[in-house]
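Enquirer: Give me a 3D structure for the following:
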Amino acid sequence: MTTYSDKIKEISKRLLKEGKVDLVIGFRKGSVPLMNQPMFAKNEGDVDSFVWDSNCGINLANYVTDRSEKIGIVAKGCDSRNLVVHIIENKIKRDQLHIIGVPCKAMVDRHKIAAMMPGEIESIEENEADGTLTVTGSGFSETLNKAGVLQENCALCMHRNPVLYDELIAEEVTEQNPEEVDQYAAVREVENMAPEEKWAYFDSLFSECIRCYACRNACPLCYCPTCFVDESKPQWVGKSVDPADVRTFHFLRAYHCAGRCTDCGACVRSCPVGINVRALTKKLEKDCLENFDWKSGLTLDKRPPLDTFRPDDPEEFIK
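Expert: Numbers count the residues shown, from 1 in each chain. The predicted structure is shown next:
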């Protein structure tokens, strides 16, 4: 995606040169393959390190919370939706942002790719013309079809184009047809399980959790000054990897994101042991859509359903 990278650099240099922003938040190559790093460019020279490819899955909206500067920010569809949430929740002002919109062509799943390789990955090259990835390491070189190794949230994404931006770096990509993509098949599969099956499913889901809080730290919605897991008066949840403590952390964090989550996948991408945290947040997204006709981050004109009250709110789910 050389064209994307060049256009991001061009716009960023112009914004900094003209003094329209104090910094631009984008991506640079990471220290390990498949993990590009967020980067703050504060002068034109810094901008030369900016890149854009299929490894820019981290949600950059995470880095604008409560900042006072004028900020340029590179934003794909899910990033822009989280910027909408931040503006609604008064974590940043709209006039502080110059949003450089990136029509997204989907991010690859580093966990899937690593599991398919016979050894440690050293580099990855993308051929946009034929939709392939060439993954190399010590003693191996494998060619993969990008479409087969997408992050699950990207494979299901209905909003690849930014919903809020000041300028686009390229023409919009074609959005997926919601009638052809079953966004909630995995959710219904769990919903249809018997209670004991659900218990076993979630026990297995969280069995590898090491309580590192990478999912929380990567999430652009987790900006509380003190997280409930760090409270000591009262202590809401233990610090151990006891199954009850682990379940409590994940379930409560998911509910804090209900009606706010944009399904950006940052939580799953950041997890060092590959836990599918989206099993919780996607269910809550489905419930908000069915009960309140609501999807997060699509408009600045409405607040999420769980921080508003209407006398005609549906109550069928209240027992």
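
Enquirer: How about the contacts made by residue 124?
Expert: 33, 34, 55, 113, 133, 134, 135, 136 (C-beta atoms under 8 Å, 6 or more residues apart in numbering). Every residue, glycine included, has its C-beta placed from N, CA and C.

Enquirer: how about a cut-off of 6 Å?
Expert: 33, 133, 135 (C-beta atoms under 6 Å, 6 or more residues apart in numbering).

Enquirer: Most neighbours out of those residues, which is it?
Expert: residue 135 (23 neighbours; other C-beta atoms under 10 Å).

Enquirer: a strand runs through that one, doesn't it?
Expert: Yes. Assessed by DSSP: H, G, I helix; E, B strand; the rest coil, residue 135 belongs to a strand.

Enquirer: residues contacting it?
Expert: Contacts of residue 135 (C-beta under 6 Å, 6+ apart): 121, 124, 142.

Enquirer: Please tell me how far it sits from residue 288.
Expert: Separation of residue 135 from residue 288 (C-beta to C-beta, to the nearest Å): 37 Å.

Enquirer: show me where the protein has helices.
Expert: Along the chain, counting by DSSP state H, helices occupy 2-17, 44-47, 77-88, 110-116, 152-155, 185-191, 195-205, 214-218, 243-256, 266-270, 278-292.

Enquirer: So what's the residue count around residue 73?
Expert: Residues near residue 73, counting by other C-beta under 10 Å: 26.

Enquirer: distance of the one residue sitting closest to the centre of the chain from residue 282?
Expert: Geometric centre of the chain, nearest residue: residue 264, 2.6 Å, by C-alpha atoms, centre = their mean. Distance, residue 264 to residue 282, by C-beta to C-beta: 12 Å.

Enquirer: quick check, nearest of the contacts of residue 124 to residue 217?
Expert: Nearest to residue 217, judged by C-beta to C-beta, of the contacts of residue 124 is residue 33 at 21.4 Å.

Enquirer: Is the closest residue to the closest one other than its chain neighbours bridged to anything, and to what?
Expert: Residue nearest to residue 33 in three dimensions, not counting chain neighbours: residue 121, with 4.7 Å by C-beta to C-beta, 6 or more residues apart in numbering. Beta-bridge pairing for residue 121 (DSSP bridges): residue 137.

Enquirer: thinking again about what came up before, so what pLDDT did the residue nearest to the centre of the chain get?
Expert: Note on residue 264: pLDDT of 94.

Enquirer: Any idea how many residues pack against residue 262?
Expert: For residue 262, using other C-beta under 10 Å, the count is 30.

Enquirer: May I ask you to confirm that it is in contact with residue 297?
Expert: Yes. Residue 262 lies in contact with residue 297 (C-beta atoms under 6 Å); the separation is 4.6 Å.

Enquirer: Quick check: the gap between residue 118 and residue 142.
Expert: On the measure of C-beta to C-beta, residue 118 and residue 142 end up 8 Å apart.

Enquirer: residues in contact with residue 131?
Expert: residue 146.

Enquirer: Where is pLDDT lowest across the contacts of residue 124?
Expert: residue 33 (85).

Enquirer: Can you tell me how far that one is from residue 133?
Expert: Counting by C-beta to C-beta, the gap from residue 33 to residue 133 is 11 Å.
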